[in-house]
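J.: Sequence and computational prediction follow.
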Number of protein chains: 4
Amino acid sequence: MAGNSFGTIFKLTTFGESHGQALGGIIDGCPAGLELRLDEIQHELNRRKPGQSAIVTQRKEPDEFRILSGIFEGKTTGVPIGFVIENTNQKSHDYSHIKDSYRPSHADYVYDQKYGLRDYRGGGRSSARETACRVVAGAVAKQLLKDIRIDAFVSSVGDIFLEKPYQDLDFSKIESNPVRCPDPEIAAKMEDYIKEIRKQGDTVGGTVTCVIRNVPVGLGEPVFDKLHADLGKAMLSINAVKGFEYGSGFCGAKMKGSEHNDLYNPDGTTKTNLSGGVQGGISNGMDIYFRVAFKPVATIMQKQETIDRDGNIVEMQGKGRHDPCVVPRAVPIVEAMAALVLADHYLLSRNSRI
Amino acid sequence: MAGNSFGTIFKLTTFGESHGQALGGIIDGCPAGLELRLDEIQHELNRRKPGQSAIVTQRKEPDEFRILSGIFEGKTTGVPIGFVIENTNQKSHDYSHIKDSYRPSHADYVYDQKYGLRDYRGGGRSSARETACRVVAGAVAKQLLKDIRIDAFVSSVGDIFLEKPYQDLDFSKIESNPVRCPDPEIAAKMEDYIKEIRKQGDTVGGTVTCVIRNVPVGLGEPVFDKLHADLGKAMLSINAVKGFEYGSGFCGAKMKGSEHNDLYNPDGTTKTNLSGGVQGGISNGMDIYFRVAFKPVATIMQKQETIDRDGNIVEMQGKGRHDPCVVPRAVPIVEAMAALVLADHYLLSRNSRI
Amino acid sequence: MAGNSFGTIFKLTTFGESHGQALGGIIDGCPAGLELRLDEIQHELNRRKPGQSAIVTQRKEPDEFRILSGIFEGKTTGVPIGFVIENTNQKSHDYSHIKDSYRPSHADYVYDQKYGLRDYRGGGRSSARETACRVVAGAVAKQLLKDIRIDAFVSSVGDIFLEKPYQDLDFSKIESNPVRCPDPEIAAKMEDYIKEIRKQGDTVGGTVTCVIRNVPVGLGEPVFDKLHADLGKAMLSINAVKGFEYGSGFCGAKMKGSEHNDLYNPDGTTKTNLSGGVQGGISNGMDIYFRVAFKPVATIMQKQETIDRDGNIVEMQGKGRHDPCVVPRAVPIVEAMAALVLADHYLLSRNSRI
Amino acid sequence: MAGNSFGTIFKLTTFGESHGQALGGIIDGCPAGLELRLDEIQHELNRRKPGQSAIVTQRKEPDEFRILSGIFEGKTTGVPIGFVIENTNQKSHDYSHIKDSYRPSHADYVYDQKYGLRDYRGGGRSSARETACRVVAGAVAKQLLKDIRIDAFVSSVGDIFLEKPYQDLDFSKIESNPVRCPDPEIAAKMEDYIKEIRKQGDTVGGTVTCVIRNVPVGLGEPVFDKLHADLGKAMLSINAVKGFEYGSGFCGAKMKGSEHNDLYNPDGTTKTNLSGGVQGGISNGMDIYFRVAFKPVATIMQKQETIDRDGNIVEMQGKGRHDPCVVPRAVPIVEAMAALVLADHYLLSRNSRI
């Protein structure tokens, strides 16, 4: 139980460091008979990949996955799906300066303290490169989920917010700009701001909103594995995430019951949806929506004081090619993790009744 | 995997409905040799119990727990600790009106849809009465954690916020008022507001903040079981929770890296703590702090339209004795869940090194 | 993960010591809508209970179970089923002589070494009294399994063997004699032998055979959770079990492939069944049958030398009321554990295909 | 939970089919700081590999493993260890004859029934080729276990038995002959018999005995995860295994308590060891020993009648290069699985006490 598995029935286990030979994973529990479209998996990986636009890191990683098992004649066979993504572009010398020093607000220090040693190259296992495996597995999960639609988008960068309710947005525009914000005007502002921030050698945080539609009623396993609790854990397990709220979220904490309650229509749908598609931990068939907060990337191109292994003060400056703002590339990761949670709960829910 | 277990090593499994014979649970994985102070467990239960003050539900439930196994001559023996809390005050007739109708923003509808039937008395398993078992187990976990201090308090009720940073608060004042807000002035305002809301037959939401001090470095199991991800899931699994943020949280998403990074002192502590005591999913020895959003209680003493099983519109009004605001009683539940997470990760971390 | 849970979907967690206040358990994952016949559960408990015949221990334990949750109007509701069995007949003074000494071939010594202390009364958690909870849960599992028939019987006591193939036996005779051997003549011999052994203050081992019929094709989750592997673990987890074989078992290890292979009939059944109903870890629809070896009960009414906590040699003689031979009472336990495995795999198998 | 993970703390998850691109696995939970000798891992793989002697299958598979993550500068880092074994010698055309027909006593039929389709090439996932991954992980586990010695050997082939107690054997001779039987005379007889069997186009079963020495007291997690129960499951999960017994095993079922009890020496060791090193499910420090029964390989070079997918009777004859007797190559697999169980329980036992 060292924390590298996710899910109970549809279960992903991953391995791999930023600068090791390869990353990869095993999806166990994918039912047999699913016709798998590999191009859609690669498409999701490409959305996450470095170098895709001017506002993300300019590292060059092809991020090509190879499925090693579990597929026969185009279909899943019910046995585990193993996959790898080779690491081809590791510039280990970029990282020698952090061998003995701890980057502020990175995991260097805690890995050393917890494990007694660490693979310092590129952050090792703590690098967000690990999320590529999540995207592969999430793309498989998405295909299992068929009609369920999962769409994430950037809803804020720094102080620039997309204020419109998601119902007023055109999700087909999400991929129309490098920020992945479906409102082109706001997207342009965000893009400009990110470029400015990068010029300063700085980074900035943001939020991603995710909307899940066509969810069947009945997903979620109270009292601990409530659907939104597993979604929350999934999101919080993504690098740089500091917060999660669903439905009315933190705003709901200011409201009165008479304002907050979602009244029913005769068909079981609700007139409002402050519940965010989940009641008592179980999906109620309404849209599920939630918001995820990402802190600014810790690696900045400015001088910072920090300490080395022996507690000496040293000066450090970020090297290499880093994202000035993580949220555009986080969009497919948020979707992938949501898909993993939904797939798992979909399979679990098949045993709710005799 | 029907969702009623929490933890991997220090593992709690619970059972029980609001109006069944009893609730209870099993703690498996508590190491042997822990001298257990039963009065402290009862003390935590009393903090959660109905009827403890004028601003909470006036139901009378003694909430006395009985440990049935796992303790011998005052110490844990390493075998599972079974416990029960008898239900003694169920007024089932209070709930007959919801037998065939669905309370808005409650779990009635989804339970019926998921399971095909439900124990409608008092909400059955979806009732927050279930959290009493969490408090018992959390109190055991707290004792295992020894020097680690977990303190939660109410940080907002509706629009009334406790703005002071937690470092400026006197935690010894938390229990000095029925709201469990450590600032007496703000507490008084909150109390007045809750009374007013109750008079209106309404309810109101709020937030609970939790601070964990003296945490050893090294708790947390990346990449999925990051310490804050498990804390988030734990909190989101509590009834009525809509959001979770730790450290800088949603505010962090507006910041720049140059503002957000926590610089190191020579001893490995950090000058600031926007990270919230966790970096890369692993505790770094600084205070862990997080905030949890609770929606307003769905049962209000006002007339609402809703539907019955057959989709007919019916009118409904809350009966019985309900909390106008859930956060004062949520404080010990938040602490309990935090303790469960910490205890589990503490035991897991013992195997980080050979 | 301290070992007190069994199963992944249909999951039993138990607690309780021989002389604690009560034993009990939680069944999580039983699907909703199962009409539960409580009398059948009690019937299974009665088959396991002490004092039921002249050849078992004469302890008096009513072994009445009480279900505390999870059932509403006679049906399972999909939430956890909690149950307790109160301990009413503990004669703790019977066990004071083992407080500081270790009974040979009992678990006293290893519990002390592992946990640093132990509840010595009646063997504490290591007592077979714990299996009562397995029987309750197994009886629920049996009802979930509907048409699947699980029948166990005593197939040997000491050197007295029931040699007939199970197909030649009349299972309706199993309960016709206190030994639970379906061949009345062999049963009589076994009974006499057990009585003689008891007169000697000694005990004797035996085997239990179990036959499971009407199993659907497709239960079992290779490569680790093969159906027979989980059956084997289930049986080996029962007190006093030393061996498990299924199908051809150890005899199969002497055979040639040309003798051992089960040839197919056109309908997919096989002409022979040396495979024991499982191929590649998955049920093939033929009868599953296996045999379980039980060692003789360690507590004998004869003087034995042993050691105390400090390593001093002391003399010890069994006190109290113990079984001269454990297999008659083991029959319902074997069936219960088989039912738990089958129920779990039945639910797991629902997710084999999309 | 589709059955491809083993262990709770030291956890192996595997993937891969006989004729897919590669097999592999992830070891999660190996503590940091273990200096890993890769040559020892390859050595174990070589012991399992085809073509190593005249009495095993003459397939040529290099069986070279590649570790992709989790090791840095020769040491484990506490993050998951991913590894692959490429498939380089698949002769898929060898297997076209079984595409639509079911080999007797193979898993072809049940895979088709369970999953609705199967990768028929070389048996797909049901092939024993999968055990190569177990050997890699077991070799890592062995290195973690340091002083604990695990030795398995062939104790019978058909009717030829190694009767000597293991204490009288010279384990250094195990690898001195292709059968892996430490008694050279018996080994020679076994070898001759296997050759004769192969000449007949037949196969034969056998048993493997395993002895584990220097086990610390206290491994095992009652009541379900008893050490021997997990060992039993581990062994039964290996292809072709039909039975498992430890200590006195099935013989113990014929004995009296007065004969079977192991009396203590003052130091806590026992004068005899019919318990097989485990009492109450917990290691007592004495040698653990057990015996595993393997059925004859199902693929024989003789004509057999069987059925095709549509239930038509067809004739079939084994093709390809198969083992006439599986036990010599099973020896390292038995050791590997034993090592996995011991490593897991070793880590679990660290949390027995506060």
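T.: Thanks, I have the structure now.

J.: Could you use CA atoms for every contact and neighbour count after this?
T.: Fine.

J.: can you list the weak-confidence ranges in chain A?
T.: A:1, A:89-94 (pLDDT under 70).

J.: can you map out the helices along it?
T.: A:38-48, A:108-115, A:131-144, A:184-199, A:227-236, A:249-252, A:257-260, A:327-349 (DSSP state H).

J.: anything in the first one near chain D?
T.: No: contact of helix A:38-48 with chain D (C-alpha under 8 Å from any C-alpha of the partner chain) is absent, the minimum separation being 15.8 Å.

J.: Check which residues of that helix are buried.
T.: Within helix A:38-48, the residues that qualify as buried are A:41, A:42, A:44, A:45, A:46, A:47, A:48, counting by 16 or more other C-alpha atoms under 10 Å in any protein chain shown.

J.: Over to the fifth one?
T.: Residues of helix A:227-236 classed as buried: A:227, A:228, A:229, A:230, A:231, A:232, A:233, A:234, A:235, A:236 (neighbour count, 16+ other C-alpha under 10 Å).

J.: Count the neighbours of the residue nearest to residue A:63 when sequence neighbours are not counted for me.
T.: Among residues not flanking residue A:63 along the chain, residue A:85 sits closest, at 6.2 Å (C-alpha to C-alpha, 6 or more residues apart in numbering or on different chains). By other C-alpha atoms under 10 Å in any protein chain shown, the residues close to residue A:85 number 20.

J.: just residue A:164 next, same as before
T.: 10.

J.: do the same with the one 4 residues further on
T.: A total of 8 residues lie near residue A:168 under the criterion other C-alpha under 10 Å.

J.: Residue A:140 is in contact with residue A:41, isn't it?
T.: Yes: Residue A:140 lies in contact with residue A:41 (C-alpha atoms under 8 Å); the separation is 7.0 Å.

J.: Name the residues of the stretch 201-350 of chain A found near chain C, please.
T.: Close to chain C, as judged by C-alpha under 8 Å from any C-alpha, the stretch 201-350 of chain A has residues A:347, A:350.

J.: possible to save the buried residues of helix A:38-48 as a markdown table with distance to residue C:111?
T.: Converted to a markdown table, the buried residues of helix A:38-48 look like this (distance: C-alpha to C-alpha, whole Å):
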| residue | distance to residue C:111 |
| --- | --- |
| A:41 | 52 |
| A:42 | 54 |
| A:44 | 53 |
| A:45 | 52 |
| A:46 | 55 |
| A:47 | 55 |
| A:48 | 52 |
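
J.: of the residues you listed, closest to chain C?
T.: Of all the buried residues of helix A:38-48, residue A:41 has the smallest distance to chain C: 18.8 Å, by C-alpha to the nearest C-alpha.

J.: Was I right to think that closest one contacts residue A:142?
T.: No: counting by C-alpha under 8 Å, residue A:41 stays clear of residue A:142, with 9.4 Å between them.

J.: before we move on, the earlier item: for the buried residues of helix A:38-48, which one is nearest residue C:217?
T.: Top of the list for closeness to residue C:217, among the buried residues of helix A:38-48 and by C-alpha to C-alpha, is residue A:41 at 33.5 Å.

J.: so who does the residue lying closest to that closest one once chain neighbours are set aside touch?
T.: Here the nearest residue to residue A:41 in space, its sequence neighbours aside, is residue A:139; by C-alpha to C-alpha, 6+ apart that works out to 5.2 Å. Counting by C-alpha atoms under 8 Å, 6 or more residues apart in numbering or on different chains, residue A:139 touches A:40, A:41, A:44, A:336, A:339.

J.: Name all residues that make contact with the fourth one.
T.: For residue A:336, the residues meeting the contact criterion (C-alpha under 8 Å, 6+ apart) are A:134, A:135, A:136, A:137, A:138, A:139, A:141, A:142.

J.: of those, buried ones?
T.: So, of the contacts of residue A:336, A:134, A:135, A:136, A:137, A:138, A:139, A:141, A:142 end up buried under the neighbour-count rule (16+ other C-alpha under 10 Å).

J.: roughly how far apart are the residue of the stretch 51-200 of chain A found nearest chain C and residue B:133?
T.: Closest approach between the stretch 51-200 of chain A and chain C, counting by C-alpha to the nearest C-alpha: residue A:78, at 6.3 Å. Distance of residue A:78 to residue B:133, given as C-alpha to C-alpha, to the nearest Å: 38 Å.

J.: can you check residue A:182 too?
T.: 45 Å.

J.: OK, contacts around the closest residue to chain C within the stretch 201-350 of chain A?
T.: In the stretch 201-350 of chain A, the residue found nearest to chain C is residue A:347; the distance is 6.5 Å by C-alpha to the nearest C-alpha. With C-alpha under 8 Å, 6+ apart as the criterion, the residues that contact residue A:347 are A:9, A:10, C:351.

J.: And those residues, which is closest to residue C:246?
T.: For those, the nearest to residue C:246 is residue C:351 (26.0 Å; C-alpha to C-alpha).

J.: tally of neighbours for that closest one?
T.: 23.

J.: what residues are up against it?
T.: A:29, A:31, A:347, A:350.

J.: same thing but 6 Å
T.: Neighbour list for residue C:351: residue A:31 [criterion: C-alpha atoms under 6 Å, 6 or more residues apart in numbering or on different chains].

J.: Please apply the same query to residue A:129.
T.: Residue A:129 is in contact with residue A:18, counting by C-alpha under 6 Å, 6+ apart.

J.: make it 8 Å
T.: Counted by C-alpha under 8 Å, 6+ apart, residue A:129 has contacts A:17, A:18.

J.: same question, residue A:81
T.: For residue A:81, counting by C-alpha under 8 Å, 6+ apart, the contacting residues are A:26, A:27, A:28, A:30, A:67, A:68, A:69, A:70, A:71, D:15, D:16.

J.: one more time with 10 Å, if that's ok
T.: A:12, A:25-30, A:67-71, A:137, A:140, D:14-16 (C-alpha atoms under 10 Å, 6 or more residues apart in numbering or on different chains).
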